[in-house]
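Undergrad: Build me a model:
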Amino acid sequence: MHEQSRSWRTRHARRLRRVIAIFCAIALAAVVGPSLAIASHYEASLEGSSFQIDNDANFRVDPDPDATLDWMNVTEQRSVDKPTGQTDDSYSGGTKEDTSCPSSTTGSIPNNKSDLRVFGVYVEPGKPGYLNMYWTRVSDPSGTTLMDFEFNHSKTPCGTGPNVVRTVGDLLVEYSIDQGGARAVVTVRRWTGSAWGPATTLDPTKAAGTINTSVIPAAQADGTIPAGSSLAARTFGEAQIDLSAIFNANKCESFGSAMLKSRSSDSFTSQLKDYIAPVPINLSNCGNVVIHKDTVPDESDADFGYTKSFGTDPATASTFTLNDKTKDTITFDNVLLGSGYTVKEDTLPSGWDFDKIDCSASTGVTPSVSGQQITFDIDAVADVLDCTYYNKARARLTVVKQTKDQAGAFDFTSTGGLDPGSFTLTTTGVGQAGQAQRSFEDLAPGTYGLTEADTPNWNLASATCDDGSDPASISLSAGDDVTCTFVNERERGAIDITKTRKHAAAQGGVAPHPGVQFTVSGGGLADPVVVTTDSAGKACVPGLLDGSYTVTEKVPAGYVNADATKQVAVTDEATCGGSGTPAAVAFTNTPLTDVTVSVDSQVEGGTASTISCVDGDGNVVVENTTNQPGDVSVAAKNLPPTAPKTTLVCTIVVDP
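TA: Below you'll find the model as predicted:
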């Protein structure tokens with residue numbers, strides 16, 4: 001009797017509350033009727049939403065100039081229950097909402113319970129936006145329609161059963177429509193760590209829910225039921241929540257998983273029965289800022305500093321650093337909604353230039369770019385500022401001077417803006433050890449040219465750049481480090497030696513003298529060079545630096561040369577038998593004669609004689625005046641041919 005009395009009082013209290021609610025609703029309609037008449041939102045949709053929450057809930061997009069979205073033209077996160085029957089899954093007996101990781105079983109759902117089919121979740125962008133949900137079930141059981149949408153921060157599955165691991169602050173949205181009712185009461189609860197907290201009923205301006213009162217054919221059910229079937233009345237419901245009702249504007253919160261459950265009665269502690277397994281979602285009240293770094297050349301190890309002026313939760317530093325090699329992207333996925341936000345690249349590291357900013361990957365954000373600063377608004381949860389800063393490294397050009405023969409000074413001019421435009425490089429010795437160089441740093445990408453001036457007595461042997469460029473036109477890209485090397489060698493001449501000899505039998509009395517050896521020394525030679533005249537009496541010494549050389553003849557036997565050593569100046573570039581005119585030097589040799597004068601006594605010791613030979617000036621050349629009895633002879637060796645003062649006169653006296 002006591003239980004019956006309490007049951008009657010409970011039913012009576014419910015009826016009384018309904019009467020009061022109906023009365024209040026009528027009174028409210030009387031007071032705010034004119035305002036409702038001018039409401040601009042679509043049917044049951046919340047003010048500001050473009051999503052259609054229909055008084056007679058449905059999937060289709062009905063014509064409306066402002067509310068243009070419905071389930072058939074959006075891509076929601078959808079989860080489908082297992083088919084009705086013995087393989088359908090449901091919670092094990094005794095499972096309640098506060099059971100954190102309940103187990104599941106299989107089997108048919110009783111007819112008096114909601115046998116779930118499909119649920120879907122769509123987050124409508126806005127400030128901060130709207131959470132739209134729907135459910136479908138097989139049939140309309142008697143009693144209150146109770147649907148619990150659970151939203152979890154975590155995506156980590158429980159070790160047992162279908163749920164994910166709950167964390168403090170997880171959200172439970174309760175959708176409740178009394179039998180025969182058309183509008184749902186929407187309440188929310190938060191997970192405290194061990195149980196769901198108290199229910200908070202959302203204001204009708206912040207939440208709305210409806211149920212279908214008309215049959216929905218398969219063609220208008222967005223693929224949630226088989227073709228040819230339909231959804232009976234009160235087997236489809238939808239709801240909408242203004243995200244400002246569940247989010248704190250100064251705190252970032254995100255949910256990564258959603259699931260649907262049905263309860264056996266309107267008591268929160270009643271047993272849970274059917275469920276639809278969790279589906280991943282992305283529900284957040286904060287926007288995203290993503291900044292990338294891209295350098296030319298790629299993957300540079302230079303650090304670039306940035307300053308930001310947008311708020312995040314939790315708070316983050318106002319500065320950050322990007323490095324294309326080690327950390328080329330930073331993501332802030334907890335940006336509070338706001339306007340006038342900025343990101344600015346700070347003073348660049350040495351040797352770098354700012355190139356451009358590309359924000360084309362952004363979503364819902366139209367930033368303003370001025371120089372190295374981005375100004376933007378994050379005014380909707382779907383907003384993503386995604387920008388890339390591009391920087392180019394300055395180039396370096398190094399000019400190297402090498403000489404092959406000796407040190408020297410060389411003048412250069414340049415084009416393209418090198419500073420200084422003219423410069424001199426002076427080597428200290430030959431080859432790489434004595435090279436001179438000049439580097440030009442922090443060059444903007446472009447074309448530069450180098451020209452070496454002509455230097456007396458020097459030749460440019462080679463001019464090359466290690467990137468293959470012509471030194472006169474060097475194309476420098478960002479980050480290039482190009483070295484151009486100029487190699488010079490001294491101009492080299494030659495000495496052409498002509499050797500003749502006097503010869504009585506030759507036509508004209510002069511003939512070429514082959515086989516005569518000459519030694520060339522001095523100048524820039526480290527060691528003397530020895531050459532021998534050919535059949536034409538010629539010898540040539542090539543490869544001589546400009547300077548004074550000594551040419552010395554090795555006079556052959558039987559000849560005399562009063563000028564066997566001569567000085568020759570090499571001043572012009574020349575080769576032997578090729579280009580240029582070699583320095584010329586000529587040598588002429590005179591043949592020598594031996595003269596013998598003898599007096600033979602036919603009788604041994606019978607006569608005594610003297611012989612005296614003098615030149616044209618009367619100078620004695622050779623004589624024998626001992627006047628000894630017997631034979632007498634004199635010999636004059638190596639006499640040159642007769643000349644005005646080379647006449648030989650011999651006086652012989654016999655038996656003086």
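Undergrad: So Met72: helix, strand or coil?
TA: helix (DSSP: H, G, I helix; E, B strand; the rest coil).
Undergrad: Surely it touches Asp222?
TA: Yes - at 4.9 Å, Met72 and Asp222 qualify as touching, with contact defined as C-beta atoms under 8 Å. To be clear about C-beta, it is placed using only N, CA and C from the backbone, and glycine gets the same treatment.
Undergrad: Comparing these two, which residue is more hemmed in?
TA: Legend: neighbour count by other C-beta atoms under 10 Å for Met72 and Asp222, higher for Asp222 (22 against 14).
Undergrad: Run through the strands of the stretch 51-200 of the chain in chain order.
TA: Ranges of strands in the stretch 51-200 of the chain, per DSSP state E, counting those that start in this stretch, are 77-80, 89-91, 104-106, 116-125, 129-137, 145-152, 171-177, 185-190, 200-201.
Undergrad: right, and the ones you listed - which one's nearest Ser368?
TA: strand 116-125 (20.7 Å; C-beta to C-beta).
Undergrad: Strand partners (parallel or antiparallel) of that closest one?
TA: Looking at strand 116-125 with DSSP bridges, its partner strands are strand 77-80 (antiparallel), strand 129-137 (antiparallel).
Undergrad: and it, how far from the chain's centre?
TA: On the basis of C-alpha atoms, centre = their mean, to the nearest Å, strand 116-125 is displaced by 43 Å from the centre of the chain it belongs to.
Undergrad: next one: stretch 393-401
TA: On the basis of C-alpha atoms, centre = their mean, stretch 393-401 sits 20 Å off its chain's mean C-alpha point.
Undergrad: thinking Pro640 is in contact with Val560, fair?
TA: Yes - if you go by C-beta under 8 Å, Pro640 and Val560 touch, sitting 6.1 Å apart.
Undergrad: intersection of neighbour lists for those two?
TA: 590, 592 (C-beta atoms under 8 Å, 6 or more residues apart in numbering).
Undergrad: on that earlier part again, which residues do Met72 and Asp222 both contact?
TA: Common neighbours of Met72 and Asp222, using C-beta under 8 Å, 6+ apart, are Phe59.
Undergrad: So in terms of bridging, what pairs with Gly547?
TA: Val570.
Undergrad: tell me the contacts of it?
TA: With C-beta under 8 Å, 6+ apart, Gly547 has these contacts: 522-524, 569-570.
Undergrad: what's the answer for Arg394, then?
TA: 351-353, 441-445, 478-479.
Undergrad: picking that back up, what's the closest of the contacts of Gly547 to Ile652?
TA: Distances from Ile652 to the contacts of Gly547, taken by C-beta to C-beta, are shortest for Gly522, at 51.5 Å.
Undergrad: okay, now that closest one: neighbour count?
TA: 14.
Undergrad: swap in Asp313?
TA: Neighbours around Asp313, by other C-beta under 10 Å: 16.
Undergrad: so it touches Ala249, yeah?
TA: No - at 9.9 Å, Asp313 does not count as touching Ala249 under the criterion of C-beta under 8 Å.
Undergrad: Give the residues shared as contacts by the two.
TA: Common neighbours of Asp313 and Ala249, using C-beta under 8 Å, 6+ apart, are Leu336.
Undergrad: Distance of the nearest residue to Ile291 once chain neighbours are set aside relative to Ile246?
TA: Nearest in space to Ile291, with sequence neighbours left out and distances taken as C-beta to C-beta, 6 or more residues apart in numbering, is Ile330 at 5.4 Å. Using C-beta to C-beta, to the nearest Å, Ile330 is found at 29 Å from Ile246.
Undergrad: ok, Asn457 - contacts?
TA: Neighbouring residues of Asn457 by C-beta under 8 Å, 6+ apart: 490-491, 545-546.
Undergrad: Tell me, how many residues neighbour Val188?
TA: Val188 has 21 nearby residues by other C-beta under 10 Å.
Undergrad: okay, how far is it across stretch 423-441, tip to tip?
TA: 15 Å (C-alpha to C-alpha, to the nearest Å).
Undergrad: Could I get the pLDDT score of the most centrally placed residue in the chain?
TA: For the chain, the residue nearest the mean C-alpha position is Asp298 (1.2 Å; C-alpha atoms, centre = their mean). As predicted, Asp298 sits at a pLDDT of 92.
Undergrad: Kindly report the same for His12.
TA: 37.
Undergrad: and if you look at Leu16?
TA: 35.
Undergrad: can you check the one 5 residues further on too?
TA: Model confidence at Ala21, given as pLDDT, is 35.
Undergrad: Where does the prediction get shaky in the chain?
TA: Within the chain, the set of residues satisfying pLDDT under 70 comprises 1-39, 108-112, 642-646, 656.
Undergrad: What are the structural domain limits within it?
TA: In terms of domains, the chain is parsed into 1-38, 44-284, 287-393, 404-486, 492-591, 593-654 (source: automatic domain parsing).
Undergrad: Does Val653 touch Ser609 like I think?
TA: Yes - counting by C-beta under 8 Å, Val653 touches Ser609, with 6.3 Å between them.
Undergrad: and these two? which has more neighbours close in?
TA: Ser609 (23 against 14).
Undergrad: which residue sits closest to that one, ignoring its sequence neighbours?
TA: Val599 is the one closest to Ser609 (C-beta to C-beta, 6+ apart), at 4.1 Å.
Undergrad: What about the one you found, how many residues nearby?
TA: Residues contacting Val599 under the criterion other C-beta under 10 Å number 18.
Undergrad: and if you look at Asn250?
TA: Neighbours of Asn250 under the rule other C-beta under 10 Å: 9.
Undergrad: Assign it to helix, strand or coil.
TA: Following three-state DSSP, Asn250 is assigned to coil.
Undergrad: for it, what are its contacts?
TA: Neighbours of Asn250 in contact, by C-beta under 8 Å, 6+ apart: 313, 336.
Undergrad: how about the helices in this structure?
TA: With DSSP state H, the ranges of helices along the chain come out as 2-37.
Undergrad: and the longest strand for it?
TA: Longest strand of the chain, by residue count under DSSP state E: strand 272-284.
Undergrad: Can you list the buried residues in it?
TA: By 16 or more other C-beta atoms under 10 Å, the buried positions in strand 272-284 come out as 272-279, 281, 283-284.
Undergrad: quick revisit: correct me, but the residue nearest to Ser609 touches Ser612?
TA: No - using C-beta under 8 Å as the test, Val599 is too far from Ser612 to be in contact (11.9 Å).
Undergrad: follow-up on the earlier one: now the strands of the stretch 51-200 of the chain as CSV including distance to Asp377?
TA: As requested, the strands of the stretch 51-200 of the chain are exported to CSV (distance: least, C-beta to C-beta, whole Å):
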stretch, distance to Asp377
strand 77-80, 27
strand 89-91, 45
strand 104-106, 45
strand 116-125, 13
strand 129-137, 15
strand 145-152, 27
strand 171-177, 27
strand 185-190, 29
strand 200-201, 31
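Undergrad: Pick the most buried one from those.
TA: Most buried of these, by mean neighbour count (mean count of other C-beta atoms under 10 Å): strand 129-137, with a mean of 26.
Undergrad: How far does that strand sit from its chain's centre?
TA: Relative to its parent chain, strand 129-137 has a centroid offset of 46 Å by C-alpha atoms, centre = their mean.
Undergrad: what angle do it and strand 171-177 make?
TA: Counting by axes from the mean of the first three to the mean of the last three C-alpha atoms, to 10 degrees, strand 129-137 lies at 60 degrees to strand 171-177.
Undergrad: Isn't Val622 up against Asp615?
TA: No - using C-beta under 8 Å, Val622 makes no contact with Asp615, being 10.3 Å away.
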